[in-house]
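>>> One predicted model, sequence on top.
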Amino acid sequence: MILAGSNRRLHSVHRNSGLAVAGLAADGRQIVSRAKSEAANYEKVYGEPMPVKELADRVASYVHLCTLYWWLRPFGCGVILGGYDRDGPQLYMIEPSGLSYKYFGAALGKGRQAAKTEIEKLKLSELTCREGIVEVAKIIYGVHDEAKDKSFELELSWVCEESNRQHEKVPSDLLEQAK
Amino acid sequence: RKPLSPVSAAMDAASSLMGGPSSADAPTDGEHRMGTTIVGVCYAGGVVLAADSRTSTGMYVANRASDKISQLTDNVYVCRSGSAADTQVISDYVRYFLHQHTIQLGQPATVKVASNLVRLLAYQNKSMLQAGMIVGGWDKYEGGQIYSVPLGGTILRQPFAIGGSGSSYLYGLMDHEWKEGMTQEEAEKFVVKVVSLAIARDGASGGVVRTVTINEEGVKRSFHPGDKLPLWHEEMEPQNSLLDILAAGSSDAMVQ
């Protein structure tokens, strides 16, 4: 009963980075909007694309800000930020507390415990992006069965050498293969 | 008021070309300008920045040994030409911003970022500033780089750049003599040769030649005194003083 593409979870922040949101979608939108604005402003001032570490820091500061004052409520969502900069591809996860770490594998949401277990079984340093897509899709499908959910739509995006270091949706043929 | 001689007529013309104070009545109390010759070249492994050392207020040389190459970060320096005050203020602001940026980033700023900050200031305040700068440095991503930020606030990356009033005399020479991928020694000798031509021809440039070499290992500052520079056509051999001639043969230690 889901209209394909009606519930976007993945957002592009800039040419070379993207954000996946888990939790309240409206709160997630706010974070994405802020991240986009930070990335654009950085490039305007400093003349080069924002390093992923710096972007993660900015997003984390923003999320943390909302935990400091009694008249603001914390964000009701966490985000996973992936990007490719001069130091290679990087992955960061920002939680509603404002905590932010760099990861090689991360999971958020209802089925995150099971997902994390699955991720730990993978040999991440040896995985190519193409192989990674298949693994990730497997995990999502695996986790959903356990959570006894109804039908869902899988969204996949990547940033890698193959995508010319741009953040984009995984080409549909590869997506089909993964499913 | 008629000029007293062809020489001062030429000087008047030169100073108004630079946009400096051209009032022939009071040629010694204008705003501090650096007529200047500044040069930046890339070589295999880094960059060399060079400049003359004359700061003038009108016809008077306010400082004959000024340092026109300022540090922005450990690995990025800038050559300044135009208004001395304007370029100093720009350098100060950019140094301040870059310092904060380096702390935030956790690693040295890139040359591109430094140059971009310079040009944002130059462009956004173009109606108030007269500053022609050449930013040069080394970073681990792109190696040695030279960025030119002339009067209007354009930014342009070039293998070599020249600026200042003395640079007019260098366009032909650079086009003819510039080579890609020089060694450090070749590059240093080349910039000294080039700046000394500009000093010989341009009234607003003079003094000594200062150079700064920046590469992976670090930064090296050098000094080339005015009387040790390569000579050009029609130039006299440097003579220290008539005392040298008069006292030739004297055993007095005070006189050379």
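Nice, I can see it. Just so it is clear, the structure is predicted and the values come from calculations on it, not from any experiment.
>>> which residues of chain A fall in strands?
Ranges of strands in chain A, per DSSP state E, are A:10-14, A:17-23, A:77-85, A:88-94, A:100-103, A:157-158, A:168-169.
>>> The longest one close to chain B?
Think strand A:77-85. No: residues of strand A:77-85 are not located near chain B by CB under 8 Å from any CB of the partner chain, the shortest gap being 10.2 Å. Every C-beta, even on glycine, is put in place using the N, C-alpha and C of the backbone.
>>> B:Ser168 touches B:Asp202, doesn't it?
Yes: using CB atoms under 8 Å, B:Ser168 is in contact with B:Asp202, at 7.5 Å.
>>> more crowded one of those two?
The neighbour comparison of B:Ser168 against B:Asp202 (other CB atoms under 10 Å in any protein chain shown) goes to B:Asp202, with 23 against 15.
>>> Tell me which residues touch the more buried one, please.
Contact analysis of B:Asp202 by CB atoms under 8 Å, 6 or more residues apart in numbering or on different chains lists B:Ala14, B:Gly35, B:Thr37, B:Ser165, B:Gly166, B:Ser168, B:Tyr169.
>>> Looking at those, spot the one nearest A:Ile139.
B:Thr37 (64.3 Å; CB to CB).
>>> got the phi/psi numbers for the closest residue to that closest one other than its chain neighbours?
In space, and not counting its chain neighbours, B:Thr37 is closest to B:Gly166: 3.0 Å by CB to CB, 6 or more residues apart in numbering or on different chains. Dihedral pair for B:Gly166: phi -70, psi -10, per degrees, to the nearest 10.
>>> B:Gly166: neighbour count?
B:Gly166 sits with 29 neighbouring residues when counted by other CB under 10 Å.
>>> can you check A:Ser125 too?
The local packing of A:Ser125 (other CB under 10 Å) involves 6 other residues.
>>> Kindly tell me how buried the residue of the stretch 101-250 of chain B found nearest chain A is, as a neighbour count.
Residue of the stretch 101-250 of chain B nearest chain A, by CB to the nearest CB: B:Asn116 (3.0 Å). For B:Asn116, the count of nearby residues is 22 (other CB under 10 Å).
>>> So which residues on chain B come close to chain A?
Counting by CB under 8 Å from any CB, chain B comes close to chain A at B:101, B:104-106, B:110, B:112-113, B:115-117, B:120, B:141, B:155.
>>> How confident was the prediction at the residue nearest to A:Asn7 when sequence neighbours are not counted?
Closest residue to A:Asn7 apart from its sequence neighbours, by CB to CB, 6+ apart: A:Glu153 at 7.1 Å. pLDDT, A:Glu153: 79.
>>> I am assuming A:Glu153 contacts A:Arg8, so please confirm or correct that.
No: shown here, A:Glu153 and A:Arg8 do not form a contact pair, counting by CB under 8 Å, at 9.8 Å.
>>> Counting residues, which helix of chain A comes out longest?
For chain A, the helix that runs over the most residues, judged by DSSP state H, is helix A:25-46.
>>> give me the beta-bridge partners of B:Ser56?
Beta-bridge pairing for B:Ser56 (DSSP bridges): B:Arg33, B:Val61.
>>> Need the pLDDT of the residue of chain A at minimum distance from chain B.
Nearest residue of chain A to chain B: A:Gly47, at 3.0 Å (CB to the nearest CB). Looking at A:Gly47, its pLDDT is 94.
>>> pretty sure it contacts B:Ala109?
No: with contact defined as CB under 8 Å, A:Gly47 does not count as touching B:Ala109 (10.8 Å).
>>> which residues in chain B form helices?
Assigned by DSSP H, the helices in chain B fall at B:6-17, B:84-105, B:111-124, B:171-177, B:184-201, B:242-246.
>>> Could you pull up the mean pLDDT of the first one?
This predicted structure assigns helix B:6-17 an average pLDDT of 43.
>>> And for A:Gln166, the neighbour number?
When neighbours are defined as other CB under 10 Å, A:Gln166 has 15 of them.
>>> same question for stretch A:127-139, mean pLDDT?
Averaged across stretch A:127-139, pLDDT comes to 85.
>>> Run the chain-centre distance for that stretch.
Distance of stretch A:127-139 from the chain centroid (CA atoms, centre = their mean, to the nearest Å) equals 15 Å.
>>> any weak-confidence spans in chain A?
A:1-2, A:146-150, A:172-179 (pLDDT under 70).
>>> That one against chain B: which residues are in contact?
A:Val45, A:Tyr46, A:Gly47, A:Glu48, A:Pro51, A:Lys53, A:Glu54, A:Asp57, A:Arg86.
>>> Isn't the first one up against B:Leu117?
Yes: counting by CB under 8 Å, a contact exists between A:Val45 and B:Leu117, whose distance comes to 7.4 Å.
>>> show me what contacts B:Lys220?
So B:Lys220 contacts B:Val212, B:Thr213, B:Ile214 (CB under 8 Å, 6+ apart).
>>> what residues are up against the residue of chain A closest to chain B?
Neighbouring residues of A:Gly47 by CB under 8 Å, 6+ apart: B:Lys112, B:Val113, B:Ser115, B:Asn116, B:Ile155.
>>> Show me which pair in these is furthest apart.
B:Val113 and B:Ile155 (11.4 Å).
>>> If you count surrounding residues, which of the two has more?
Comparing B:Val113 with B:Ile155 by other CB under 10 Å, the one with more neighbours is B:Val113, at 24 against 18.
>>> Does that one touch A:Glu43 like I think?
No: counting by CB under 8 Å, B:Val113 does not reach A:Glu43; the two are 10.6 Å apart.
>>> picking that back up, so which of the helices of chain B is the most surrounded?
helix B:111-124 (a mean of 23; mean count of other CB atoms under 10 Å in any protein chain shown).
>>> Can you check what angle separates that one from helix B:84-105?
Going by axes from the mean of the first three to the mean of the last three CA atoms, to 10 degrees, helix B:111-124 is angled at 140 degrees with respect to helix B:84-105.
>>> Any stretches of the stretch 151-256 of chain B with poor pLDDT?
Along the stretch 151-256 of chain B, the parts satisfying pLDDT under 70 run over B:238-239, B:243-245, B:247-256.
>>> Looking at strand pairing, list the partners for residue 157.
Picked chain A for this. Residues in beta-bridge contact with A:Ser157 (DSSP bridges): A:Lys169.
>>> Sorry, I should have been clearer: chain B.
Bridge pairing for B:Arg157 - DSSP bridges - gives B:Tyr147.
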